[in-house]
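Peer 1: Need a 3D model of the following:
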Amino acid sequence: MISIDLNLVWTIINLVVLYLLLKHFLIGPVMNIMEQRKLMIEEGFRNAQTAQDDANRLKQEYETALSGAKQESVQLIEDARKSAKAEYDRIIIEAGEKADTMLESAKESVRVEREQTMKELKSQIAGLAAASAAKIISGNADEKESQDLYDQFLKEAGENDGNADK
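Peer 2: Residues are numbered from 1 along each chain as shown. Below you'll find the predicted structure:
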């Protein structure tokens, strides 16, 4: 059978003491260090996750702001186009009104000139008629001279009337 001698007992006692010493001085501190490292790594993961969440939130805010800025720039461009179109229309209408005013003014000026010319022609015709009548009444005009005076009167009246149209 198995015999237990004293060396074996001392060896077992030495092993137990060595185990207790290693556990107390080596395994305990190593386990504590490993536990601290585990906590530190977990904290690092939590911090990284928090930082990533913050980065995603900021990215979303920036994308929203950028989208808003794009919409605002599109709106500003559209407003500028509308304003330019309104200004263009206003200028066109104003130019049309000025042209109408100038056209009316020119028509009125032509009408006034025509009236003045007609008055002048009437007075010239009256003068010619009076001169012709005076020659006819003076009595020394025969029928041939009367016809010549009448033709001259028509010729001069026609020339004056032609000048009025020019």
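Peer 1: what helix or strand is Ile41 on?
Peer 2: helix 28-137 (DSSP states H and E).
Peer 1: Mind giving me the packing neighbours of that helix?
Peer 2: Judged by 3 or more CB pairs under 8 Å, 6 or more residues apart in numbering; DSSP states H and E, helix 28-137 is in contact with helix 143-165. All C-beta spots, glycine's among them, are computed from the backbone N, C-alpha and C.
Peer 1: Average pLDDT for the helix it packs on, rounded please.
Peer 2: Taken as a whole, helix 143-165 has a mean pLDDT of 66.
Peer 1: Check stretch 91-105 too.
Peer 2: Rounded mean pLDDT across stretch 91-105 is 93.
Peer 1: Check which residues of that stretch are buried.
Peer 2: Residues of stretch 91-105 include none that count as buried (16 or more other CB atoms under 10 Å).
Peer 1: where's it relative to the chain centroid, distance-wise?
Peer 2: 27 Å (CA atoms, centre = their mean, to the nearest Å).
Peer 1: mind showing which ranges of this protein have poor pLDDT?
Peer 2: The model of the chain has pLDDT under 70 over residues 1-3, 136, 139-143, 146, 149, 157-166.
Peer 1: go again using 80 as the cut-off
Peer 2: Within the chain, the segments meeting pLDDT under 80 span 1-4, 125-166.
Peer 1: Cheers, nothing more for now.
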